[in-house]
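Asker: Sequence first, then the predicted structure:
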Amino acid sequence: MKKIAFLALFLIISFIAAQAVEFSFEKLLHGAPFMADFLHRMFPPNWSILPKVLRETLLTMELAWISTVLATILSLPVGFLAAKNVFELPLLRKITIFILNADRAIDSLILALFFVSAVGLGPFPGVLALAIHSVGMLGKLFADAIESIDPGPVEALASVGAGKLALIRWGIWPQVAPHFISYFLFRFELNVRTAVVLGLVGAGGVGFLLTQYMRLFQYQEVCTVLLVILVLVMLVDAVSSKLRRSVL
Amino acid sequence: MMIQLEKVSKSFDGGKSFALRDISLSVNEGEFIAVIGLSGAGKSTFLRTLNRSLPIEAGKIEVLGKKLERLRGNELAEFRRKIGFIFQQFHLIKSASVLQNILVGRIAYVSLWRSLTGFFPKADLELAKEIALSVGLAGKEEEKIKNLSGGQQQRVAIARALAQEPKLILADEPMASLDPRLAELVLEMLARCNREQGITAIINIHDLALAKKYAKRVLAFRKGTLIFDGTPNQLSEEKIKQIYQLDGEEAL
C-alpha cells in the first residue's frame, strides 16, 4: 500500500514537472534535422586555432588550480573549527557549519555573476567564485576527516603535556594530511570542469573562447574547442585519481 | 608522598552509577603497584584520574604535590610532562619514525616552535637515542611505526614515556594486546625502570598471575570500589574469588 502511494506520488510529480518545462517529443523530433545540420557544420574541426585554444585551456587550468589552492588554505582553519573533537567551542562550530552549508547551496556560477559585477570581467572573479564555493565542500570534508581520526594519539599527546597546537600538529595532522591531499585533488578535478563553464559568464579561459565562436557561428572552431575540453577533463581525471590512490 | 586520594568519586552519568566510589589511598615514591579487577571495574578510570585526563567529582586528589582539581593550562602541562602514560593500544604516530615518537615525550619541555617543527635540541636527541638503545630498539630509530610489530611498538611507547624523564609511570593494560612472552618482557622492562631509576609505577593488569609475580603491592577494584589493598601474599583465595566474580554468579 505504502509502495503504491509512493509510486503514484512519484508519477504525479514527474507529470507536473514535465508539463511545466513544456517537455515534448514532437518538438524533439522536429528539431532533429537542425541538430544534425549543426553537427554536420562542426566537421572537420579547425586545427589551425589549436595553439590559441591550448593557451586558453592552460589559463582555465591555472584558474582551477589557484582557486583550489586558495580554497584549501581557507578550509584548513574552517575544517578544524567545524570538527567537534578539536576545539570545545560549540557556538563557533555551529556558525561555521551553517556558513559551510550556505556556501555549498550557492553555486559557483551565481557567485561568479556576483564577482564579475564587483571586480569586472576576466579570470580573477572566476578565481574568487570557485575558491569561495569550494570551501563549502572542502571545509566539510576536512571536518569529517578530522572527526574520524583515531583519538589514541591525541590522548597520548595530551598525556605528555602537549599544548593545543602541538596536539593538532602531531596527534591529528599526520592522520588527516593524506585525506586532505586527496580531497584537494578531487576538488581540483571538479574545479577544472567548473572553470570551463565559468568562462561562459565572462571569467576567461577556454569557456570564454567557446562562447565567442558560438556567437560568430564558427562551428568548426567550436568543435576544436569541445574536443580539447573533452581531452583535458579526461586527462585531469585520470592523473588525479591515480595520484589520489597513491597518497591514501 | 607521591599520590594521595581522599574519598575520591567519579561518575559518568551524573551520579546514577559510580566508576569510582570513595577511594582513599596513598602511594609512596618508588612503589611498583599492580591494579587488578574485571574490565569495567574502574581500573582505567582510576589511572586517568591520576594524570587528570578525567576530572573527579568528589573528594581530594593530590599527585606529585599538586592538587589536581585546580590544575589548568601551563600548570597542567608541566604536571603531565612528569607522568608517563602507557596505553594498551600504544597510541603512537604511525606515519612517524621511532625516534620522532620517542621525542614526543620531550614536547612539553621545549619551546612552541620546536614542538611544532620537531626540531628538538641536541641533548633531547641524545637522550632519545639512549633510551631507544635501552629498550632494545637500537638500529630501528629511523623505522616508521607502521612497519614495526606490536611488541616493538609497545617498546616505543615505553621509550616515549621514559623520554619524559618521569617521576611516575601509569600503564593501562600495557601487555593486553601482546602475546604472553612479549607481555612478560614489557613488565620486565617496567620493573627495571622502577628498580634502577626509582620511577614509581602503577600498572593495570588483567592477568592475576603476572600481577602477583611482579608487583609488591596490589590494588583490586570491583564496581568502582577498592576492595583490596595489600601485598600479593595477603590475597586470599576468597578475596580473589570476590574480585573476579562475574555478575549473577553469587546466585549459582
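Answerer: On my side now, so go ahead.
Asker: Look up how far residue A:206 lies from whichever residue of the stretch 101-250 of chain B sits closest to chain A.
Answerer: Proximity of the stretch 101-250 of chain B to chain A (Cβ to the nearest Cβ) peaks at residue B:108, 3.3 Å away. Every residue, glycine included, has its C-beta placed from N, CA and C. Note on residue B:108: its distance to residue A:206, by Cβ to Cβ, to the nearest Å, is 54 Å.
Asker: More neighbours: these two, which one.
Answerer: residue A:206 (25 against 22; other Cβ atoms under 10 Å in any protein chain shown).
Asker: can you pull the contacts of that one?
Answerer: Residue A:206 is in contact with A:53, A:56, A:57, A:59, A:60, A:196, A:199, A:225, A:228, A:229, A:232, counting by Cβ atoms under 8 Å, 6 or more residues apart in numbering or on different chains.
Asker: rewinding a little: quick one, what contacts the residue of the stretch 101-250 of chain B closest to chain A?
Answerer: By Cβ under 8 Å, 6+ apart, the residues touching residue B:108 are A:160, A:161, A:162, A:163, B:77, B:78, B:80, B:81, B:115, B:164.
Asker: for it, phi and psi?
Answerer: Main-chain dihedrals, residue B:108, degrees, to the nearest 10: phi -80, psi 0.
Asker: what does the model give it for pLDDT?
Answerer: pLDDT for residue B:108: 94.
Asker: cool, residue B:250 as well?
Answerer: 54.
Asker: now swap in residue A:235 and tell me
Answerer: Per-residue pLDDT puts residue A:235 at 94.
Asker: which secondary structure elements does the strand or helix carrying it contact?
Answerer: Under the criterion of DSSP states H and E, residue A:235 resides in helix A:219-247. Applying 3 or more Cβ pairs under 8 Å, 6 or more residues apart in numbering or on different chains; DSSP states H and E, one finds that helix A:219-247 contacts helix A:25-42, helix A:50-82, helix A:173-198, helix A:206-215.
Asker: Redo these as CSV? Include distance to residue B:104.
Answerer: What follows is those, written out as CSV (distance: least, Cβ to Cβ, whole Å):
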stretch, distance to residue B:104
helix A:25-42, 63
helix A:50-82, 20
helix A:173-198, 11
helix A:206-215, 49
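Asker: Present those as a markdown table; the columns should include mean pLDDT.
Answerer: Converted to a markdown table, the helices and strands packed on helix A:219-247 look like this (pLDDT from 0 to 100):
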| stretch | mean pLDDT |
| --- | --- |
| helix A:25-42 | 88 |
| helix A:50-82 | 95 |
| helix A:173-198 | 94 |
| helix A:206-215 | 91 |
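Asker: so how far is the helix or strand that contains residue A:17 off the chain centroid?
Answerer: Assigned by DSSP H and E, residue A:17 belongs to helix A:2-20. When C-alpha coordinates are averaged (Cα atoms, centre = their mean, to the nearest Å), helix A:2-20 and its chain have centres 31 Å apart.
Asker: Which pLDDT value belongs to the single nearest residue of chain A relative to chain B?
Answerer: Closest to chain B within chain A is residue A:161: 3.3 Å, counting by Cβ to the nearest Cβ. pLDDT for residue A:161: 94.
Asker: Not counting residues beside it along the chain, what's closest to it?
Answerer: residue B:108 (3.3 Å; Cβ to Cβ, 6 or more residues apart in numbering or on different chains).
Asker: residues from chain A in reach of chain B?
Answerer: A:152-153, A:155-163, A:165-166, A:169-171, A:174-175 (Cβ under 8 Å from any Cβ of the partner chain).
Asker: List only buried entries from these.
Answerer: A:152-153, A:155-163, A:166, A:169-171, A:174-175 (16 or more other Cβ atoms under 10 Å in any protein chain shown).
Asker: which residues sit in contact with residue A:66?
Answerer: Each residue near residue A:66 by Cβ under 8 Å, 6+ apart is listed here: A:127, A:131.
Asker: Following the longest helix along chain B in sequence, what is the next regular element?
Answerer: Scanning chain B for the longest helix, with DSSP state H as the assignment, gives helix B:180-197. Next helix or strand after helix B:180-197 toward the C-terminus (DSSP H and E): strand B:200-204.
Asker: export that next one as PDB, just CAs?
Answerer: Extracted in PDB, the C-alpha atoms of strand B:200-204 (Å, rounded to 0.1, in the frame of the first residue of the first chain):
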ATOM      1  CA  THR B 200      57.000   4.900  40.700                       C
ATOM      2  CA  ALA B 201      54.800   2.700  38.600                       C
ATOM      3  CA  ILE B 202      51.100   1.800  38.700                       C
ATOM      4  CA  ILE B 203      50.100  -0.800  36.200                       C
ATOM      5  CA  ASN B 204      46.700  -2.200  35.300                       C
END
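Asker: Given that strand, what are its sheet partners and their directions?
Answerer: strand B:32-36 (parallel), strand B:168-172 (parallel) (DSSP bridges).
Asker: Now render these as CSV, adding mean neighbour count and mean pLDDT.
Answerer: Output for the strands paired with strand B:200-204, formatted as CSV (neighbours: other Cβ atoms under 10 Å in any protein chain shown; pLDDT from 0 to 100):
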stretch, mean neighbour count, mean pLDDT
strand B:32-36, 24, 95
strand B:168-172, 24, 96
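Asker: now those in CSV, with distance to residue B:11?
Answerer: Shown next, in CSV, are the strands paired with strand B:200-204 (distance: least, Cβ to Cβ, whole Å):
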stretch, distance to residue B:11
strand B:32-36, 19
strand B:168-172, 20
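Asker: quick one: the strand or helix carrying residue B:130 to helix B:180-197, angle?
Answerer: Under the criterion of DSSP H and E, residue B:130 resides in helix B:122-134. Counting by axes from the mean of the first three to the mean of the last three Cα atoms, to 10 degrees, helix B:122-134 lies at 130 degrees to helix B:180-197.
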